[in-house]
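**Student:** 3D model of this:
(chains A, B and C)
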Amino acid sequence: MNKLSEFMLPPQKSTLAEGTDALFNFINVTSLIFLIGITIAIIYFAWKYRRRSENDVTPVITHNNTLEITWSVIPLILVIIVFGWGLSGYVNLTTAPDDAYEVRVVGKSWLWEFHYETGHVSVNELHIPVDRPVKLVMSSEDVIHSFYIPDFRVKMDVLPSRYSTVWFEATEVGESVVFCTEYCGTAHSNMMARAIVHDQEDFETWLEVAGSADDDMDPVELGQELVTRNACTTCHSADGTQLQGPTFQGLWGSVSEIEDGQTVTVDENHIRESILEPGAKITSGYQPVMPPYAGTLNDRQIDAIIEYIKTLQ
Amino acid sequence: MATNEATPSVKKLQVRRFKPEENPKKHYLNEETGIWAWMTTVDHKKIGLMYLASITFFFFIGGVLALLLRTELLSPARSFMDANVYNQVFTLHGAIMIFFFLIPSVPAALGNFVLPLQLGAKDVAFPRLNLASYYIYVIGALFTIFAIFTGGVDTGWTFYTPYSTTTSGNVMAMTFGVFILGFSSILTGLNFIVTIHKLRSPGLTWNKLPLNLWGLYATSLIQILATPVLAITLLLLTMERALGIGIFDPAIGGDPVLYQHFFWFYSHPAVYIMIVPGFGIISEVISTFSRKVIFGYWAIALSSLAIAFIGFLVWGHHMFTAGQSSLANMVFSFLTFLVGIPTGIKIFNWIATMYRGSIDLKAPMIYALVFLFLFTIGGFTGIMLGALAVDIHLHDTYYVVAHFHYVMMGGMVMAFLAGLHYWWPKMFGKMYSEFWARISCALIFVGFNMTFLPQFVMGAQGMPRRYFNYIDQFQPFHQFSTMGAYVMGVGFLIMAGYLLHSMLKGKAAGSNPWGSRALEWQTSSPVPLHNFEHTPVIINGPYDYHKPMSEFQLGIATPHHDHHDDHQPTDVTQTEKEQA
Amino acid sequence: MSQPSALEEKLDHLQHHFIDSDQQFEASKLGMWIFLVTEILFFGGLFTAYIVYRSWYPELYLLASAELDTFWGAVNTFVLIGSSLTVAMAIRSAQLNQIKGLIINLWITIGLAGVFMVIKFFEYTHKFEKGIFPGSHYSYEGIAHEKANIFFSIYYMMTGLHGVHVMIGIGLMIWLVIKAKKKVFHSGYYTPVEITGLYWHLVDIIWIFLFPLLYLID
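**Tutor:** Numbers count the residues shown, from 1 in each chain, chains lettered A, B, ... in the order given. Next up is the predicted model:
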């Protein structure tokens, strides 16, 4: 049974995982027992009572109350057990402890933004402390997304126009994958993030350092780092590959045609505007799907990205 | 009730024994021929066959799309289509399979053919409306095809707002097409309910109604009660795109979760529109091929109605993670488990029917047994998904995809194939190759399990659905799954081959190749234009296999007001003479 | 649903798959009742949307319904109730073999339905002039509520869909008049009149719900 569970389920990396897995295994094993019984009955009857001649006479058995009540009541009892078990697990999953560490999550097509209490914003990287309840307060900028960490067994839809929450307590230091599980368009399957679990000390160091770590980097290197970190690369390639947005390669200085027939030269101002207010000028042939980065990137970071794009000729 | 009204005019006539003509020269397939006669026919059997041709076409399209999807998923990144194409393809696969194949497959195609026959009626209550339903279906389908060629649709078959109100592509044509299609479904349901209530043969009381008709009756109830809600939902969505009314659009003050409630209020019962008629077929097939009285007639009949009823109260289990209240989640979870009980009861009853029967493993029976196995898996995984805590983990993963396919394909499609193979001789008067039928069934069974069993594992490990790319660890599962899909594809190709061969060169089947006691087998194959050369009289139940066949071949000459078949009385006397 | 194909004999309306007229009539009537159930569920979706938004924003409904003209709404209510009466009289005439009365009553019903639509037309244009459009096109500033556009989306969907049903009813009754002039109906066969009447009563009843729910909120 342990082997089955290991084969079917991802590793347990939160305090909630064990409860969910126990119920999963219970249902699996019970179902398997029933399924084997049913299959044996089908095969056995099909063989044992196979037609021997065209004149076979079969008995008239119209019903059998005892039998019918038995096979109604036993499953009923079983499903009530499963219901109660599932409910108690669910209550656990939805009741965050009061002292939980809060992170604000914003889903945008197609990236995850994590806002920490220090004001720092990380994109597609959720940094959390180990052995401490974490509560995510989530909302979406555009369509419905869903926040899912298989290792933690938690999932919650992220909606525009309202907040939803999810909580968990990671049990070991390491990395887990975050998926978007509500279909949200072209790059839905690339809307992934990493949940990085630090021990308490590391986490605090990270919080302090994260905001200022870039200060002494070379602008081009920083720019390169930033386009990865902010999920620009989900839609904009650096090597000419066609994705959802124009490639960065050869972008600088080129003339692009925008939707109403006008043309615009790609310079500092255009890139800056496209980052902060992507809907303003859409290059024709592309969908207006890029989320605005106003409030996520500061001026210095934007400058660094521009420097980086300049190098991709 | 029809029976009471019929009695005064027929009391004088004696009930006689009839033997159906074995290889009739004139039947519904050759009495009126030509394209125009087919297109304007109001005959339920021909309309049924027209539906059958259409759904076969859509099943083929949907199947090819599925194979494209599986092929793309062989590798984690892009292989031959890009993300946008992939998204359109899975949307079309879902929409076509659900709205254009599954929903009309048993009720409209097989149901149309067999329902009046099982009632001993000449046609459904409103034959012209029946034809209209078919054309409404065609118009809905044309809209959808129009949508594909004018930008495509990439919303998923669920059309969730606000994505569906903001994405490019022609969502409007698609939702409008499905809106139109809904009316086809509503009118078919209406027609069936009235037919079952008003057109039963003399003696066909409710407790002698074949279980297939109980299944169709429950299905029709869902069709008329749930489909209008889908219609209004899709109308609102269409209007949202056309006029910006915004009831579901958060950008201008609407609420997207309200859309989900509306959508699932139809679409969950719709799952039962797809599966409940399958239960009916399985009851017929298992009883016929076990030559045995069905076990627990009322348990099976009433559990269909119970499923139809509870099915209306469980839509919220699609929204456990959508942000509805915990109380709502609790109630929906509980009711979901309650649906499991009548479903379980059915499975046990079918197995009990096999007990001490005289089981003949012909193709329809094999499909029925395959159904039992696969549908049981589908049911148990449904219990898994109904459990709140576990569903939080499994929601919107491949586990749900696999569960859904086990219920819909392993359940519904297998039941449909059982029914198709069961009634095929009645439809065309020809037999198919039993050998190839078994080969194809085996390939489909193996291919199906190869395709979807790995998806349970992937899903439980966290692979989300509707993913164009995936992380490398899932690749072996995806590859195995794709191989299974190909095997299944080969199985269906073989089926197409032997069924076509049967239609063209098959051996004559005779009126009752399975030795069934059901009413539709007491007339010749293919069926005469007006179904019976006499008005059947029903004294025994449809599953009374302990009584001799002659007890089931009773009828009276139709009292005539009818200018269509003045040949009938002569036929009757001829048959009588032959017997003498 | 089941109109005759020719009219030589009294029994010519009877379709071949029915045993007698009664069975055919009963079947048609049951069919129509089921259809009405589906209609109610169809509107039921809109009523649900109405209830949901009303429970979320009760004050919105108070404010917005003041923009609707109660007087003309009331007039329309009486017009429709009157038309329900005349359609019932049309059925009565058919049952009594009074074909002339049937035609006159149908014409009155059609006239009343026309009056209803004309009043509705003026109500709509009056709102459009103010900029009260549904959803995203809404530009009126007289209602101090951010969701006023949603109220009017619901208003236009409900009354618009009802209006479409009135138009269909007018079409059906014109068709009945044509058939009646051809002497298709008589006391032994008036099924289409009866089931159109049923349909018309439903249209009327839906309005009787719409009127207080939309216009009469204090």
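**Student:** CA atoms for contacts and neighbours, from now on please.
**Tutor:** Fine.
**Student:** Isn't A:Val227 up against A:Ile305?
**Tutor:** Yes: between A:Val227 and A:Ile305 there is a contact at 7.0 Å, judged by CA atoms under 8 Å.
**Student:** For B:Ile539, give its distance to chain C.
**Tutor:** Separation of B:Ile539 from chain C (CA to the nearest CA, to the nearest Å): 20 Å.
**Student:** sec struct for that residue, please.
**Tutor:** Using DSSP: H, G, I helix; E, B strand; the rest coil, the secondary structure recorded for B:Ile539 is coil.
**Student:** How about A:Ser139?
**Tutor:** Going by three-state DSSP, the state assigned to A:Ser139 is strand.
**Student:** Identify the residue of chain C closest to chain A, quick one.
**Tutor:** In chain C, the residue that lies nearest chain A is C:Lys147 (13.2 Å; CA to the nearest CA).
**Student:** Please report phi then psi for the residue lying closest to that residue once chain neighbours are set aside.
**Tutor:** Spatial nearest neighbour of C:Lys147, chain neighbours left out: B:Gly253 (5.9 Å); criterion: CA to CA, 6 or more residues apart in numbering or on different chains. B:Gly253 adopts backbone torsions of phi 100, psi 0, taken as degrees, to the nearest 10.
**Student:** Check chain B for its longest helix and report it.
**Tutor:** Ranked by residue count, the top helix of chain B under DSSP state H comes out as helix B:256-290.
**Student:** And that one, what does it pack against?
**Tutor:** Applying 3 or more CA pairs under 8 Å, 6 or more residues apart in numbering or on different chains; DSSP states H and E, we find helix B:256-290 packed against helix B:103-104, helix B:211-243, helix B:297-310, helix B:326-354, helix B:363-386, helix B:414-428.
**Student:** Export those as JSON lines, with columns for mean neighbour count and mean pLDDT.
**Tutor:** Output for those, formatted as JSON lines (neighbours: other CA atoms under 10 Å in any protein chain shown; pLDDT from 0 to 100):
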{"stretch": "helix B:103-104", "mean neighbour count": "26", "mean pLDDT": "92"}
{"stretch": "helix B:211-243", "mean neighbour count": "24", "mean pLDDT": "91"}
{"stretch": "helix B:297-310", "mean neighbour count": "20", "mean pLDDT": "93"}
{"stretch": "helix B:326-354", "mean neighbour count": "21", "mean pLDDT": "93"}
{"stretch": "helix B:363-386", "mean neighbour count": "25", "mean pLDDT": "95"}
{"stretch": "helix B:414-428", "mean neighbour count": "25", "mean pLDDT": "95"}
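**Student:** Show me what from the stretch 301-450 of chain B comes close to chain A.
**Tutor:** Applying CA under 8 Å from any CA of the partner chain, we find that the stretch 301-450 of chain B lies next to chain A at B:321-323, B:330, B:333-334, B:337-338, B:341-342, B:344-345, B:348, B:351, B:354-361, B:369, B:373, B:376-377, B:380, B:383-384, B:386-390, B:392-393, B:396-397.
**Student:** repeat that with 6 Å
**Tutor:** Residues of the stretch 301-450 of chain B lying close to chain A by CA under 6 Å from any CA of the partner chain are B:321-322, B:356-360, B:380, B:387-390, B:392-393, B:396.
**Student:** Can you say which of the helices and strands packed on helix B:256-290 is nearest to chain C?
**Tutor:** Set against chain C and scored by CA to the nearest CA, the helices and strands packed on helix B:256-290 come closest in helix B:211-243, at 4.6 Å.
**Student:** ok, and does that closest one reach over to chain C?
**Tutor:** Yes: residues of helix B:211-243 are located near chain C by CA under 6 Å from any CA, namely B:Ile224, B:Pro228, B:Val229, B:Ile232.
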